[in-house]
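Colleague: turn this into a model:
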Amino acid sequence: QVQLVESGGGLVQAGGSLRLSCAASGTIVTISTMGWYRQVPGNQRELVATITSGGRTNYADSVKGRFTISRDGAKNAVFLQMNSLKPEDTAVYYCNADSVLTFDRGYVGAWGQGTLVTVSS
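Modeller: Okay, here's the model as predicted:
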C-alpha cells in the first residue's frame, strides 16, 4: 500500500508564495510520475503540474511561469513552489503518484488527502 501525505497549505495574500510538499511511503520500488492537482468545490479536479522520474515537467497554462514542481527521488517526495498567487488559485491541492511499482501489489496509483490553499484578494 502507498500513502501520500501533503503539507504546506494555508492562507496567503494575493501576490504571495506558498510551498507544498508531499511525501510518499509504503512498499515502494519506484514511482513513475508525481504531480499536483487541485479542486474547487463543485468543479472537477484539474491538473496543476506533473513531473516524471526523469525530470520532465508539465504545467497547466494557468500556472506556467508562476509555479514550479520539483522532486526528490531518493525520498519519494514532490514539491510545488507557488509564487505570485492569485485568488483564483484558491482550491484544495492534491498530491498524486502514478504508476507506482510496489514490492507486493504490482503497479498502483495513489492520492493524498489534500491540503487547502486560500488566496485572499
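
Colleague: checking the spatially most central residue of the chain next. Helix, strand or coil?
Modeller: Geometric centre of the chain, nearest residue: residue 36, 2.6 Å, by CA atoms, centre = their mean. Look at residue 36: counting by DSSP: H, G, I helix; E, B strand; the rest coil, its state is strand.

Colleague: point me to the helix or strand that includes the nearest residue to it once chain neighbours are set aside.
Modeller: Distances taken as CB to CB, 6 or more residues apart in numbering put residue 48 closest to residue 36, at 4.3 Å, once the chain neighbours are dropped. In short, each C-beta sits where N, CA and C put it, glycine included. Element membership of residue 48, judged by DSSP states H and E, is strand 46-52.

Colleague: for residue 58, same thing?
Modeller: strand 57-59.

Colleague: then residue 78?
Modeller: Applying DSSP H and E, one finds residue 78 within strand 77-82.

Colleague: paired strands for that strand, with orientation please.
Modeller: Using DSSP bridges, the strands paired with strand 77-82 are strand 18-26 (antiparallel), strand 67-72 (antiparallel).

Colleague: quick one, which of those gets closest to residue 112.
Modeller: strand 18-26 (5.9 Å; CB to CB).

Colleague: any buried residues in the closest one, and which?
Modeller: Within strand 18-26, the residues scored as buried using 16 or more other CB atoms under 10 Å are 18, 20-24, 26.

Colleague: so it versus strand 46-52, what angle?
Modeller: Here strand 18-26 runs at an angle of 60 degrees relative to strand 46-52 (axes from the mean of the first three to the mean of the last three CA atoms, to 10 degrees).

Colleague: just the CA coordinates for strand 18-26, please, in PDB.
Modeller: C-alpha atoms of strand 18-26 as PDB (Å, rounded to 0.1, in the frame of the first residue of the first chain):
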ATOM      1  CA  LEU A  18       3.500  29.000  -0.700                       C
ATOM      2  CA  ARG A  19       5.400  25.800  -1.000                       C
ATOM      3  CA  LEU A  20       3.600  22.500  -0.900                       C
ATOM      4  CA  SER A  21       5.300  19.200   0.000                       C
ATOM      5  CA  CYS A  22       4.200  15.600  -0.500                       C
ATOM      6  CA  ALA A  23       5.900  12.500   0.800                       C
ATOM      7  CA  ALA A  24       5.100   9.000  -0.300                       C
ATOM      8  CA  SER A  25       5.600   6.000   1.900                       C
ATOM      9  CA  GLY A  26       4.900   2.300   1.700                       C
END
